[in-house]
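# Provided below are the primary sequence and the corresponding predicted coordinates.
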Amino acid sequence: QVQLVESGGGLVQAGGSLRLSCAASGRTFTFSSYAMGWFRQVPGKDREFVAAISWIVSRTSYADSAKGRFTISRDNAKKTMYLQMNSLEPEDTAVYYCAAGASYYSDFPREYAYWGQGTQVTVSS
């Protein structure tokens with residue numbers, strides 16, 4: 001069974017920074033073989049793509065809202081993915097989800113087989 005556990009969320013003022021982490025575990029899950037991504041969701045809206053990273057060479061993709069402010073990275077040895085979020089805005093307030101298991105660094109949630117439980121990020125104005 002594959003488990004993804006996010007951490008690092010919290011309350012921050014506008015302009016501040018947070019670093020989210022996603023730790024993967026599971027005997028059958030080869031962390032380094034799959035693309036991973038971050039998505040976010042606010043109540044009443046669909047889950048929204050934030051960033052994704054390939055399984056090798058670390059190619060990345062970002063939503064327009066994240067470009068220049070967020071950085072996705074991964075440490076295959078630690079089986080952990082990160083999202084460094086700078087210059088946070090109130091519009092970034094959401095539950096952030098870690099996703100894994102895609103064959104490429106997709107921005108479509110349906111491409112990912114595994115999901116974490118989410119971590120709340122709240123940005124105050």
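Alright, I've got the coordinates.
# isn't there a strand covering Thr28?
No: secondary structure assignment (DSSP: H, G, I helix; E, B strand; the rest coil) places Thr28 in coil, not in a strand.
# OK, contacts around it?
Going by CB atoms under 8 Å, 6 or more residues apart in numbering, Thr28 touches Gln1, Val2. Any C-beta I mention is one placed from the backbone N, CA and C, and that applies to glycine too.
# Would you mind giving both backbone torsions of it?
phi -90, psi 0 (degrees, to the nearest 10).
# Val121 versus that one, what's the distance?
According to CB to CB, to the nearest Å, Thr28 stands 30 Å off from Val121.
# Repeat that for Phe108.
Distance from Phe108 to Val121, counting by CB to CB: 22 Å.
# Tyr97 now?
In terms of CB to CB, Tyr97 sits 11 Å off from Val121.
# any common contacting residues for those two?
The contact sets of Tyr97 and Val121 overlap at Arg40 (CB under 8 Å, 6+ apart).
# These two - which one has more neighbours?
Using other CB atoms under 10 Å, the more surrounded residue of Tyr97 and Val121 is Tyr97, with 24 against 21.
# so which strand or helix has the more buried one?
Using DSSP states H and E, Tyr97 maps to strand 94-102.
# send the alpha carbons of that strand over as CSV?
Extracted C-alpha coordinates of strand 94-102, given in CSV (Å, rounded to 0.1, in the frame of the first residue of the first chain):
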residue,chain,number,x,y,z
ALA,A,94,-6.3,26.2,0.1
VAL,A,95,-5.8,22.6,1.1
TYR,A,96,-2.7,21.4,-0.7
TYR,A,97,-2.5,17.8,-1.8
CYS,A,98,0.5,15.7,-2.8
ALA,A,99,0.0,13.3,-5.7
ALA,A,100,2.1,10.5,-7.1
GLY,A,101,2.0,7.6,-9.6
ALA,A,102,1.7,9.4,-12.9
